[in-house]
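*Asks:* Got a predicted structure plus its sequence, pasted below:
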Amino acid sequence: MTSHAVTSMEFSNFIVHIKKLQHLKFMAQIKQYIEENKERFLEELFGLIRIPSISSLKEHKDDMQKAAEYWKNSLLEAGADKAEIKPTDGNPVVYGEKIIDKNKPTVLVYGHYDVMPVDPIDQWKSKPFEPEIRDGKIYARGADDDKGQAFMHAKAFEYLVKNDELPVNVKFMIEGEEEIGSANLGKFCEENKDLLKADIILVSDTTMIGENTPSITTGLRGLAYMEVEVTGPNKDLHSGLFGGAVANPANELAKMIAKLEDEDNRVTIPGFYDKVIEATDAERKKMAEAPFNLNEYKKALDVEEVQGEKGYSTIERTGIRPSLDVNGMWSGYTGEGAKTVLPSTAGAKISMRLVPNQDHKEIGKLFAKHFKSLAPKSVKVNVKELHGGQGYVCPIDLKAYQAAEKAFYETYDKKPVPYRSGGSIPIISTFENILGTKSILMGFGLEADAIHSPNENYPLKQFYNGIETIARFYTHFAEMEK
């Protein structure tokens with residue numbers, strides 16, 4: 001009889017084989033769990049969606065509390081050791097946790113339970129707070145942003161806890177003011193640094209490039225959000241008796257806004273581009289590798305041509321360049337029929353999306369100074385900053401990023417593309433500044449989901465894939481942190 005000593009190479013291969021089998025078992029189990037519980041998952045999500053938690057409207061103050069209570073109960077039912085509603089100077093924050101071992105890594109999950117207003121209501125094909133499933137999608141306000149996406153985390157967590165598969169400590173921080181600038185969350189973080197201490201922050205509040213093209217958001221633009229008011233005469237005037245003799249604030253506002261960009265669609269505010277870091281040729285080449293079909297993009301938006309800063313592609317314009325846009329304008333009479341007035345005032349909301357290194361407060365001051373300089377002496381101008389935040393960049397060499405990359409690959413059978421989003425989540429940079437923690441943006445929304453618009457929707461496939469991918473993230477992150 002001959003004996004065979006096991007070599008270190010053979011033992012290593014054996015361990016790899018065992019881990020592969022364990023992983024395949026895990027993959028099958030999570031799919032089965034989702035399939036067996038998907039109807040319950042939806043009904044629980046719908047219960048949250050039915051609460052009209054619109055943070056920008058004071059009449060929904062009670063609904064903010066109801067949504068917070070719903071989240072608290074959802075976390076406890078999912079397996080959290082504790083969950084509580086913590087007051088702030090505004091809407092409350094829901095905090096929950098499950099600590100399995102203080103020596104193990106900790107993931108802090110961030111989401112928000114507040115949603116945007118539903119106007120214009122007449123453009124909705126179904127009631128915004130009565131979720132409906134049509135064509136494989138959930139239609140409702142908050143279906144994607146961020147009730148649907150945040151709720152995926154509760155269900156992935158539930159699976160891991162109930163199947164004794166949770167490999168790390170998990171904390172939840174669900175706020176109610178994201179859609180109005182997270183005004184009180186920075187203070188909450190300052191006051192609860194120890195409570196919120198974690199190795200990584202996990203966020204699902206962004207989009208993927210496409211349903212079959214997974215991506216991880218590695219950059220967000222900052223935001224400076226302003227409101228302007230132009231005032232002329234002390235009351236509305238008859239446009240026949242006074243038209244042509246007195247400055248019309250609506251006319252002047254339109255002229256002033258038109259001067260905020262030049263013929264190349266560059267912002268004209270002095271100093272606006274001073275701190276913008278130009279992308280290198282190599283970086284721009286890498287961005288161009290992302291799958292993007294301009295014709296399909298235009299077709300989806302029903303526009304004949306795209307428009308933006310001269311010298312940059314569409315992806316670059318939304319990913320690495322700042323921009324300025326009017327979000328709303330009002331003045332005079334806009335009701336049915338005619339009322340020929342020369343309005344006393346005119347107003348607008350204007351947002352500037354900023355790239356990393358641009359400071360939103362500095363840009364706000366530059367905007368105010370420049371906008372006032374554009375006004376003739378025949379009108380008075382008031383400018384105020386509503387809210388804002390800094391941009392954010394996530395390094396792709398983080399262990400957490402690599403764990404997310406593996407998780408996406410296993411769910412979608414494709415390596416995710418690192419992607420810089422044109423959107424803003426101002427609180428993300430605040431997390432890094434106050435808590436000293438990086439965030440991984442694992443978003444599953446799609447551009448077609450119409451967030452902030454009528455008929456917001458979220459594909460069921462993305463909801464279920466998100467649960468699966470998030471659960472896998474925890475496994476890979478725990479292995480990498482050993």
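*Replies:* Structure received.
*Asks:* Residue 145 - that's part of a helix, no?
*Replies:* No. Assigned with DSSP: H, G, I helix; E, B strand; the rest coil, residue 145 falls outside any helix and is coil.
*Asks:* show me the contacts for it.
*Replies:* 115, 116, 205, 445, 449, 451, 452, 456 (C-beta atoms under 8 Å, 6 or more residues apart in numbering). For glycine as for every other residue, the C-beta is placed from the backbone atoms N, C-alpha and C.
*Asks:* let's see 6 Å
*Replies:* With contact taken as C-beta atoms under 6 Å, 6 or more residues apart in numbering, residue 145 is in contact with residue 451.
*Asks:* for residue 355, same thing?
*Replies:* So residue 355 contacts 221, 276, 322, 391 (C-beta under 6 Å, 6+ apart).
*Asks:* Quick check: closest non-adjacent residue to the one residue sitting closest to the centre of the chain.
*Replies:* Centroid-nearest residue in the chain: residue 205, 4.0 Å away (criterion: C-alpha atoms, centre = their mean). Distances taken as C-beta to C-beta, 6 or more residues apart in numbering put residue 146 closest to residue 205, at 4.8 Å, once the chain neighbours are dropped.
*Asks:* so that neighbour sits right up against residue 111, yeah?
*Replies:* Yes. Counting by C-beta atoms under 6 Å, residue 111 is a contact partner of residue 146 at 5.4 Å.
*Asks:* ok, these two, which is more surrounded?
*Replies:* residue 146 (27 against 23; other C-beta atoms under 10 Å).
*Asks:* pLDDT value on the residue nearest to the centre of the chain, please?
*Replies:* As summarised for this prediction, residue 205 has a pLDDT of 97.
*Asks:* in a strand, that's where it is, yeah?
*Replies:* No. Counting by three-state DSSP, residue 205 is not found in a strand; it is coil.
*Asks:* which residues touch it?
*Replies:* Contacts of residue 205 by C-beta under 6 Å, 6+ apart are 146, 149, 425.
*Asks:* got it, and residue 443?
*Replies:* Applying C-beta under 6 Å, 6+ apart, the residues near residue 443 are 204, 206, 207, 217.
*Asks:* In three-state terms, how would the residue nearest to the second one when sequence neighbours are not counted be classified?
*Replies:* Read that as residue 206. Of all residues not flanking residue 206 in the chain, residue 443 sits nearest, at 2.9 Å (C-beta to C-beta, 6+ apart). Counting by three-state DSSP, the backbone at residue 443 sits in coil.
*Asks:* out of the contacts of residue 443, which is most surrounded?
*Replies:* residue 217 leads the contacts of residue 443 on contacts (other C-beta under 10 Å) with 27 neighbours.
*Asks:* So what pairs up with it in the strands?
*Replies:* In this structure, residue 217 bridges to residue 419, residue 441 when assessed by DSSP bridges.
*Asks:* Give me the distance between it and residue 345.
*Replies:* 39 Å (C-beta to C-beta, to the nearest Å).
*Asks:* now do residue 409
*Replies:* Residue 409 is 55 Å from residue 345, by C-beta to C-beta.
*Asks:* Could you dump the contacts of residue 443 into JSON lines with distance to residue 306 added?
*Replies:* JSON lines is the format used below for the contacts of residue 443 (distance: C-beta to C-beta, whole Å):
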{"residue": "204", "distance to residue 306": "28"}
{"residue": "206", "distance to residue 306": "22"}
{"residue": "207", "distance to residue 306": "18"}
{"residue": "217", "distance to residue 306": "21"}
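*Asks:* still on that earlier bit, where is pLDDT lowest across the contacts of residue 205?
*Replies:* residue 425 (89).
*Asks:* Report the secondary structure state of that residue.
*Replies:* Residue 425 ends up coil, using three-state DSSP.
*Asks:* so who does it touch?
*Replies:* 205, 220.
*Asks:* The same query, at a cut-off of 8 Å, please.
*Replies:* Per C-beta under 8 Å, 6+ apart, neighbours of residue 425: 178, 203, 205, 206, 220, 389, 392, 441.
*Asks:* quick one on the thing from earlier: got any residues that touch both of residue 146 and residue 111?
*Replies:* Joint contacts of residue 146 and residue 111 (C-beta under 8 Å, 6+ apart) are 204, 205.
*Asks:* Take the contacts of residue 205 and lay them out in CSV including distance to residue 432.
*Replies:* Shown next, in CSV, are these (distance: C-beta to C-beta, whole Å):
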residue, distance to residue 432
146, 19
149, 21
425, 12
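*Asks:* So the protein: which segments form each domain?
*Replies:* 11-220+392-480, 222-276+322-389 (automatic domain parsing).
*Asks:* Go through those and pick out the most buried.
*Replies:* Of all the domains of the chain, domain 11-220+392-480 has the most neighbours on average by mean count of other C-beta atoms under 10 Å, namely a mean of 19.
*Asks:* which residues sit in contact with the residue lying closest to residue 86 once chain neighbours are set aside?
*Replies:* Setting aside the residues directly before and after it, residue 86 is nearest to residue 93 in space (C-beta to C-beta, 6+ apart), at 4.9 Å. The neighbourhood of residue 93, defined by C-beta under 8 Å, 6+ apart, consists of 68, 85, 86, 173, 174, 175, 176, 185, 188.
*Asks:* From residue 417, how far off is residue 93?
*Replies:* 33 Å.
*Asks:* ok so residue 122 is a helix residue?
*Replies:* Yes. Assignment of residue 122 by three-state DSSP places it within a helix.
*Asks:* what's the distance between it and residue 128?
*Replies:* For residue 122, the distance to residue 128 - C-beta to C-beta - is 11 Å.
*Asks:* Repeat that for residue 276.
*Replies:* In terms of C-beta to C-beta, residue 276 sits 38 Å off from residue 128.
*Asks:* Repeat that for residue 249.
*Replies:* Taking C-beta to C-beta, one finds residue 249 at 33 Å from residue 128.
*Asks:* try residue 188
*Replies:* Taking C-beta to C-beta, one finds residue 188 at 29 Å from residue 128.
*Asks:* likewise residue 355?
*Replies:* In terms of C-beta to C-beta, residue 355 sits 33 Å off from residue 128.
*Asks:* so which helix or strand takes in the nearest residue to residue 189 once chain neighbours are set aside?
*Replies:* Once flanking residues are discounted, residue 189 sits nearest to residue 434: 4.5 Å by C-beta to C-beta, 6+ apart. Taking DSSP states H and E as the criterion, residue 434 maps to helix 427-435.
*Asks:* And residue 155, by the same measure?
*Replies:* helix 147-162.
*Asks:* again, but for residue 228
*Replies:* strand 222-231.
*Asks:* could you say what helices and strands that strand packs with?
*Replies:* Counting contacts by 3 or more C-beta pairs under 8 Å, 6 or more residues apart in numbering; DSSP states H and E, strand 222-231 packs against helix 249-258, strand 345-354, helix 360-373, strand 380-389.
*Asks:* Restricted to helices, list the contacts of residue 93.
*Replies:* Among the contacts of residue 93, DSSP state H puts 68, 185, 188 in helices.
*Asks:* Could you tell me how far the first one is located from residue 174?
*Replies:* Noted for residue 68: a distance of 8 Å to residue 174, by C-beta to C-beta.
*Asks:* All set, thanks.
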